[in-house]
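Novice: Here you go, sequence then predicted model.
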Amino acid sequence: MLRGPQNLAANIRSVRERMAAAAARAGRSVESVTLIAVSKGHPAQAVRAAAQEGLTHFGESYVQEALEKIGALQDLPLTWHFIGHLQANKTRAVAERFAWVHGVDRLRIAARLSQQRPAHLPPLNVCIQVNVGGEESKSGVSVADLPALATAVGALPRLALRGLMCLPPPEEDPDRQRHWFAETRRAFESLNARGAGLDTLSMGMSADLEAAIAEGATMVRIGTALFGPRPQPVQSGR
């Protein structure tokens, strides 16, 4: 199948079909999985076109780029998710303009988001990023350090700790893909056994959404399969 904005409607149908088939195989309802369209690097008009096809959740990783899109699309009832590594000097804009943050990996960032979330807005939904593969090149807290961070983040005002997010090592074999997602799910279940009350597993992208859904993903973050390759260089500033 051709990929790209010109085929957006067909791409959305294809991704939704993949999600539905994966959910059915897992004995789940596809309505239990939210599709987040990862629109970073794509223009506001591509987001608008996707919204016209029924998508409402969009993921961005670069703050300035995202703020420009949010401003241009404020007439639409969209839910914005920040899914990238968040620098301390960018937390205010994210706390003010986003509904979700998927990449919290240290208490300092969570505390700044808590302090900077406007009082008139609902609590900011956050997921802790877990580095399940122990990769030095990726952000995320280790599984061993996760309980302490979850306890601290969960106690902060103006935040709602909703769950976990992972970006596992790339794997082509479906069983290996499931291995990493299962590790994240077990960490999620362990926290809930301690009373964390989490309800969100943000995991799975274009190449491995089936494995993620099989292991309990409630949100999948899909970019390339919807929009095609990013048409412009990713911004260096976040």
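Specialist: Nice, I can see it. Numbering: from 1, shown residues only.
Novice: Next SSE downstream of the longest helix anywhere in the chain?
Specialist: Secondary structure of the chain per DSSP state H: the longest helix is helix 174-193. Where DSSP states H and E defines the elements, the next helix or strand beyond helix 174-193 is strand 200-202.
Novice: what does that following strand rub up against?
Specialist: Here strand 200-202 makes contact (Cβ atoms under 8 Å, 6 or more residues apart in numbering) with 36, 83, 102, 125, 127, 162-166, 184-185, 188, 212, 215-219, 221. All C-beta atoms are positioned from the backbone trio N, CA, C, and that covers glycine.
Novice: shaky segments in this structure?
Specialist: Within the chain, the ranges that satisfy pLDDT under 70 run 1-6, 231-238.
Novice: now the strands: where do they sit in it?
Specialist: Using DSSP state E, the strands of the chain run over residues 34-38, 57-60, 79-82, 100-104, 124-130, 159-166, 200-202, 219-222.
Novice: out of those strands, nearest to Ser14?
Specialist: Closest approach to Ser14 among the strands of the chain (Cβ to Cβ): strand 219-222, 10.4 Å.
Novice: Who are the packing partners of that closest one?
Specialist: On a contact count with 3 or more Cβ pairs under 8 Å, 6 or more residues apart in numbering; DSSP states H and E, strand 219-222 meets strand 34-38, strand 200-202, helix 209-214.
Novice: now the first one, how far from the chain's geometric center?
Specialist: Centre-to-centre, strand 34-38 and its host chain are 8 Å apart (Cα atoms, centre = their mean, to the nearest Å).
Novice: That strand - contacts with which helices or strands?
Specialist: Contact here means 3+ Cβ pairs under 8 Å, 6+ apart; on that basis strand 34-38 packs against helix 8-25, strand 57-60, strand 219-222, helix 224-227.
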